[in-house]
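With the sequence up front, the predicted model follows.
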Amino acid sequence: MKGYLSVWLVKHGLIHRSLGFDYQGIETFQIKAEDWHSIAVILYVYGYNYLRSQCAYDVAPGGLVASVYHLTRIKYGVDQPEEVCIKVFATRRDPRIPSVFCIWKSVDFQERESYDMLGISYHNHPRLKRILMPDSWIGWPLRKDYIAPNFYEIQDAH
């Protein structure tokens, strides 16, 4: 089932994959990483000028990583916001996604955290560096295949 925004994107020749609606009725899309920046600009111009949140997750061990953007458009009043969820997937070997910092400044720390925890490199982010872990940390702690350094499991501890 496609929502009005998906129909609008198709009408204007913007390639995406509709993932349906979440439990709150928010339309969800999958966008290719190479198309993300141009579609983000179009959505901003279309009225989605508030980035509510950005997060990232590891889809499966050895699989893809995803960057998720929740955008809001307030057209008819604060009590009737229109929301959309955009998922941008990247390969684990080279997880590169264009940064949308130049569009929504509020994504600064959120993209940095996704980089720090999952290793997603946000192309053209002005300050992409670790934000939670020390600079000397090796690896990406929230990846499902991550093995903590010098970690020894204690068996039968009471």
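Nice, thanks for sending it over.

By residue count, tell me the biggest helix in this protein.
Longest helix in the chain by number of residues (criterion: DSSP state H): helix 33-46.

Check which residues of the helix or strand just after it are buried.
Sequence order places strand 50-58 as the next helix or strand after helix 33-46, per DSSP states H and E. Neighbour counts over strand 50-58 (16 or more other CB atoms under 10 Å) mark 51, 54, 56-58 as buried. To be clear about C-beta, it is placed using only N, CA and C from the backbone, and glycine gets the same treatment.

possible to save those as a markdown table with distance to Ile31?
A markdown table is the format used below for the buried residues of strand 50-58 (distance: CB to CB, whole Å):
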| residue | distance to Ile31 |
| --- | --- |
| Leu51 | 15 |
| Gln54 | 13 |
| Ala56 | 14 |
| Tyr57 | 16 |
| Asp58 | 19 |
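
Disregarding flanking residues, what is the spatial nearest neighbour of Lys144?
In space, and not counting its chain neighbours, Lys144 is closest to Pro61: 4.3 Å by CB to CB, 6 or more residues apart in numbering.

The one you found against Arg92, yeah?
No: in this structure, Pro61 is not within contact of Arg92 by CB atoms under 8 Å, at 9.0 Å.

got any residues that touch both of those two?
Residues touching both Pro61 and Arg92 (CB atoms under 8 Å, 6 or more residues apart in numbering): Arg143.

higher neighbour count, those two?
Arg92 (20 against 10; other CB atoms under 10 Å).

Trp36 versus the more buried one, what's the distance?
Per CB to CB, to the nearest Å, Arg92 is found 18 Å from Trp36.

Repeat that for His125.
13 Å.

Is Leu142 in contact with Leu118, as I believe?
Yes: the pair Leu142 / Leu118 is scored as a contact, 5.3 Å apart, by CB under 8 Å.

Those two - which one has more neighbours?
Taking other CB under 10 Å, Leu142 and Leu118 do not tie; Leu118 has more neighbours (23 against 15).
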